[in-house]
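K.L.:
Kindly return the folded structure for what I paste below:
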Amino acid sequence: GCTPRLVITPLTDQCYITLTSALHLKLGGAPAGPAGTGKTETCKDLSKAVARQCVVFNCSDGLNVGTMAQMFSGMCQAGAWFCFDEFNRIDIEVLSVVAQQIREIQSAQQAGWTQFVFQGTEIPLNSNCAVFITMNPGYAGRTELPDNLKSLFRPVSMMIPDYALIAEIILFSEGFKQAKTLSQKMVQLYKLSSEQLSQQRHYDFGMRAVKSVLVMAGQLRRDNSNLSEDIVLIRAMRESNLPKFLAEDIPLFEAIVGDLFPDVRVPQNDYGELMQMLRQIYQEKQLQELPYQIHKTIELYDTLGVRHGVMLVGPTRGGKTVCREVLLETMTRLREEMESDNQAFQKVLKKEMNPKAISVDEMFGCFSELTQEWKEGLLSYFVSDVVRDDSLTKKWIIFDGPVDTLWVESLNTVLDDSKTLCLPNRKRIKLTPTVTLLFEVENLDEASPATVSRCGMVYIDPMGLPWKALVKSWILRLPDNIWPQRLAKYLNELFETTMPQLLEDLSKLKEDIPQPIQTKVTNVTRIMDSILNPDNYFNPVESDQQEQEQNQYGDGSVPSTSNKKGLGKQSNGPIDWESWIRNVYLFACVWGLGGALVESSRDPFDSSIKRVLESVYLPSSDSVYDVVLDCYNRAIIPWEIPDYQAKPNTPFFNILVPTIDTVRYAHLITLFIEIHQPVMITGETGVGKSVVISGMFNDAAEQEEKKRKAEEDELGIQMDNKKAADPALQGGVPLGTQKVIPVTISFSAQTSSNRTQTMIEQK
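P.N.:
Take a look at the predicted model:
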């Protein structure tokens with residue numbers, strides 16, 4: 001069909017002359033320069049001008065000599081052009097052999113042969129074939145080309161494109177009449193922004209960023225023909241750039257826009273049905289309707305409209321996952337339930353993966369070292385699966401994990417205009433317009449500018465998600481049949497009156513592993529979740545009902561109709577649930593906030609908690625780290641060390657004498673296991689981390705063995721140790737109310753994902 005042309009500038013003109021001169025001499029072309037200067041696109045446009053097929057292939061360190069030879073063989077016979085993107089990512093050993101292969105082809109061309117022997121096979125030679133390579137010198141993961149390879153290519157330096165000329169021509173092609181003035185203002189805006197805004201790894205003001213703004217401006221121009229050209233361009237620049245800026249950079253960017261476009265007022269966009277559905281889903285999921293979070297969700301929606309590669313950037317606990325999940329559900333429901341007329345709202349299917357949980361070979365695929373058979377990779381399987389669906393349904397491939405050059409550079413041709421996934425087995429998979437690659441990362445410290453320039457960015461700051469919102473959502477999710485409204489309100493007040501001071505004191509102390517504020521507060525709520533449940537004698541609603549019945553009959557002799565464990569033992573008077581919640585809150589704050597503090601910081605934190613929660617009765621003047629909750633009597637008591645007697649014939653190195661540390665850490669681990677939350681135990685080598693865990697499981701197994709023997713004695717029968725009467729006992733070691741199967745895995749630099757998966761599945 002009719003495809004868009006490349007804008008011709010003096011730089012591309014000189015590049016054309018150099019490349020055609022190289023073709024005349026039967027040599028290759030090697031454009032080199034920073035990301036976004038038009039190296040690949042220039043080669044593709046030149047091939048279009050002379051009617052040659054140009055195959056773009058993204059190189060990686062997974063390419064071997066055999067694969068390259070097969071591609072060269074096909075190129076010679078078809079007379080096509082090959083453009084190898086990121087050519088200097090190939091291993092140096094392979095490049096040396098590739099140089100010899102290209103030398104054979106070029107020598108045959110210069111001799112005018114129509115057939116020649118290539119890699120031991122005689123093949124026909126079409127003299128129109130040519131090889132082009134593009135490179136980003138100086139980027140991480142790149143190798144220096146060997147001298148015998150350099151001599152086969154004419155180098156072309158492509159450094160700084162003419163932004164103003166390119167912007168002017170593209171604006172003209174999009175229907176703008178004031179293209180010359182607007183292009184100059186736009187280029188000036190990007191120049192000032194790159195100089196005056198803070199330097200961040202996810203900022204990019206290069207040619208790709210300019211191009212995306214111009215394309216968005218053209219789309220807005222066609223959709224809003226009644227708006228002036230100034231307003232259309234300002235809206236495009238703001239919607240493309242504001243999502244990636246830090247909060248402190250936004251006022252400066254707006255000031256630059258105001259200086260370049262004085263007295264221009266941009267009307268707000270109307271996101272009517274989208275905004276309505278967003279708010280509805282936030283309410284259904286019992287999430288807080290924070291203006292910042294809703295605004296970022298809208299920005300993600302806008303960015304997805306102009307880029308097929310988008311990165312959600314920001315520290316953990318900022319709400320990145322919630323942002324994309326809410327948008328996914330919003331778009332799906334607008335299509336399926338509301339049957340919206342807007343074609344941008346389509347059902348969304350997602351495929352999610354952690355790129356660092358598997359190796360590069362497992363992600364993209366590789367050849368077996370033994371049989372040389374091709375093994376399909378996870379990503380290649382995902383992409384092949386989604387491109388087969390030619391419906392309007394949108395497909396998101398989500399990479400939830402750190403980005404580094406080891407794997408993300410192999411996606412460069414997927415993320416740019418080529419939209420092609422290149423695999424080490426020579427397979428090229430073309431993405432359909434409905435496929436989007438979504439990255440969820442903490443930072444882009446390990447990503448190259450080539451990757452950053454190819455993606456749209458949405459920065460989500462954790463400061464936009466205050467801890468109070470997390471607490472309110474947690475309280476909303478508390479079961480109504482256990483939590484009366486008065487206690488839920490009291491719990492919220494407890495957090496709001498004491499947590500700010502505790503967090504302020506905590507910020508001055510040293511942690512073994514630093515955690516975001518949101519994670520610390522969430523840890524507090526998780527511990528309270530584990531403790532405040534009916535299995536631990538907590539059910540104010542039933543207790544209030546029982547108290548009313550006792551008052552009704554007068555003598556307090558009415559038996560409870562509930563068999564729940566939650567009522568605990570009979571109480572002669574009303575239970576002070578607020579006091580008990582305060583005790584639980586103190587214990588949760590001690591370990592949720594101060595569990596990761598180093599030893600020297602625990603005493604100051606102990607003083608802080610005693611000062612802030614002075615109304616809580618402590619059994620002694622000891623540290624708050626030395627007390628535990630007695631759920632049955634609803635009181636705070638000191639930790640107790642159980643009696644210990646070593647078994648005869650126990651090896652000395654297997655003897656574990658319980659201490660306060662082993663007892664309390666085992667108790668805390670059990671609390672988290674009860675609510676299926678992961679636990680991370682940190683500390684220096686040799687302090688007993690593994691011993692605490694193994695001792696906890698051993699004690700639980702011994703307790704179960706004693707219980708089983710007692711049942712045998714009582715029933716007067718003998719039970720098989722391996723096949724107990726209760727089938728649930730076969731499901732693992734009892735820990736609290738759970739049955740767990742311990743699996744010990746020692747990780748090292750040689751541990752692979754396959755090996756880890758096998759060890760877990762064997763259990």
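
K.L.:
quick one: low-confidence ranges for the stretch 651-763 of the chain?
P.N.:
Scanning the stretch 651-763 of the chain for pLDDT under 70 picks out 715-738.

K.L.:
for it, what spans make up the strands?
P.N.:
Ranges of strands in the stretch 651-763 of the chain, per DSSP state E, counting those that start in this stretch, are 733-735, 738-740.

K.L.:
Give me the domain ranges for the protein.
P.N.:
Per the TED database, the structural domains of the chain span 10-157, 163-260, 271-462, 467-544+576-638.

K.L.:
Dump the ones you listed into a markdown table; add distance to residue 757 as well.
P.N.:
All C-beta spots, glycine's among them, are computed from the backbone N, C-alpha and C. Listed next are these as a markdown table, based on distance: least, CB to CB, whole Å:
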| stretch | distance to residue 757 |
| --- | --- |
| domain 10-157 | 22 |
| domain 163-260 | 33 |
| domain 271-462 | 10 |
| domain 467-544+576-638 | 26 |
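
K.L.:
got the ones you listed as JSON lines, with mean pLDDT, distance to residue 688 and mean neighbour count columns?
P.N.:
What follows is the domains of the chain, written out as JSON lines (pLDDT from 0 to 100; distance: least, CB to CB, whole Å; neighbours: other CB atoms under 10 Å):
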{"stretch": "domain 10-157", "mean pLDDT": "92", "distance to residue 688": "40", "mean neighbour count": "18"}
{"stretch": "domain 163-260", "mean pLDDT": "92", "distance to residue 688": "40", "mean neighbour count": "18"}
{"stretch": "domain 271-462", "mean pLDDT": "92", "distance to residue 688": "29", "mean neighbour count": "18"}
{"stretch": "domain 467-544+576-638", "mean pLDDT": "88", "distance to residue 688": "14", "mean neighbour count": "17"}
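
K.L.:
With respect to residue 651, which of those lies nearest?
P.N.:
Nearest to residue 651 among the domains of the chain is domain 467-544+576-638 (30.9 Å), distances taken as CB to CB.

K.L.:
how far away is residue 337 from residue 20?
P.N.:
Residue 337 sits 57 Å away from residue 20, going by CB to CB, to the nearest Å.

K.L.:
do residue 589 as well
P.N.:
Counting by CB to CB, the gap from residue 589 to residue 20 is 73 Å.

K.L.:
ok so, going back, so which of the domains of the chain gets nearest residue 656?
P.N.:
Comparing these by CB to CB, domain 467-544+576-638 comes nearest, at 19.8 Å.

K.L.:
What count of nearby residues applies to residue 688?
P.N.:
Applying other CB atoms under 10 Å, we find 16 residues neighbouring residue 688.

K.L.:
Also residue 264?
P.N.:
Neighbour count for residue 264, taken as other CB under 10 Å: 13.

K.L.:
give me the element the residue nearest to it when sequence neighbours are not counted is part of.
P.N.:
Leaving aside its sequence neighbours, residue 264 sits nearest to residue 230 (CB to CB, 6 or more residues apart in numbering; 5.1 Å). Residue 230 belongs to helix 229-241 when assigned by DSSP states H and E.

K.L.:
C-alpha coordinates for that helix, CSV please?
P.N.:
Extracted in CSV, the C-alpha atoms of helix 229-241 (Å, rounded to 0.1, in the frame of the first residue of the first chain):
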residue,chain,number,x,y,z
GLU,A,229,-3.6,24.8,15.6
ASP,A,230,-1.8,26.3,18.6
ILE,A,231,-4.2,24.5,21.0
VAL,A,232,-3.9,21.2,19.2
LEU,A,233,-0.1,21.2,19.3
ILE,A,234,0.0,22.3,22.9
ARG,A,235,-2.4,19.5,23.9
ALA,A,236,-0.3,17.0,22.0
MET,A,237,2.9,18.2,23.7
ARG,A,238,1.4,18.1,27.1
GLU,A,239,-0.2,14.7,26.8
SER,A,240,3.0,13.2,25.4
ASN,A,241,5.4,14.7,28.0
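
K.L.:
Now the longest helix anywhere in the chain: buried residues?
P.N.:
Taking DSSP state H as the criterion, the chain has its longest helix at helix 689-715. Buried residues in helix 689-715, defined by neighbour count with 16 or more other CB atoms under 10 Å: 692-693, 695-697, 699-700, 704, 708.

K.L.:
Could you find which two of those residues are furthest from each other?
P.N.:
692 and 708 (24.9 Å).

K.L.:
Give me the contact list for the helix or strand hosting residue 302.
P.N.:
According to DSSP H and E, residue 302 maps onto helix 291-306. Contacts to helix 291-306, defined as CB atoms under 8 Å, 6 or more residues apart in numbering, come from residues 212, 215-216, 219, 239-240, 242-243, 271, 274-275, 278-279, 282, 287, 310, 312, 319, 322-324, 326-327, 330-331, 344, 436, 456-458, 460-461, 464-465.

K.L.:
before we move on, back to that, check contacts around the residue nearest to residue 264.
P.N.:
Residue 230 sits next to 178, 182, 261, 264 when contact means CB under 8 Å, 6+ apart.

K.L.:
ok, now residue 527?
P.N.:
Residues counted as contacts of residue 527 (CB under 8 Å, 6+ apart) are 587-588, 591-592, 668, 671-672.

K.L.:
Looking at the contacts of helix 291-306, which are in strands?
P.N.:
Cross-referencing the contacts of helix 291-306 against strands under DSSP state E gives 310, 312, 436, 456-458.

K.L.:
just the residues you listed now: which is nearest residue 34?
P.N.:
residue 457 (18.1 Å).

K.L.:
ok, the closest one to residue 632 distance?
P.N.:
Distance, residue 457 to residue 632, using CB to CB: 54 Å.

K.L.:
With adjacent residues omitted, what lies nearest to residue 672?
P.N.:
Distance criterion CB to CB, 6+ apart; nearest residue to residue 672, sequence neighbours excluded, is residue 679 at 4.7 Å.

K.L.:
Skip the chain neighbours and tell me the closest residue to residue 108.
P.N.:
Of all residues not flanking residue 108 in the chain, residue 116 sits nearest, at 4.0 Å (CB to CB, 6+ apart).

K.L.:
Go ahead and confirm the one you found touches residue 104.
P.N.:
Yes - with contacts counted by CB atoms under 8 Å, residue 116 reaches residue 104, the gap being 7.3 Å.

K.L.:
picking up where we left off before, which two from the ones in strands among the contacts of helix 291-306 end up farthest apart in space?
P.N.:
Using CB to CB, the ones in strands among the contacts of helix 291-306 span at most 14.3 Å, a distance reached by 436 and 457.

K.L.:
what ranges do the helices span in the stretch 551-700 of the chain?
P.N.:
Using DSSP state H, counting those that start in this stretch, the helices assigned to the stretch 551-700 of the chain run over residues 577-594, 599-612, 660-674, 689-715.

K.L.:
quick revisit: output the contacting helices and strands for the very next helix or strand once past the helix holding residue 230.
P.N.:
The helix or strand immediately downstream of helix 229-241 is helix 250-260, counting by DSSP H and E. With contacts taken as 3 or more CB pairs under 8 Å, 6 or more residues apart in numbering; DSSP states H and E, helix 250-260 sits against helix 179-196, helix 229-241.
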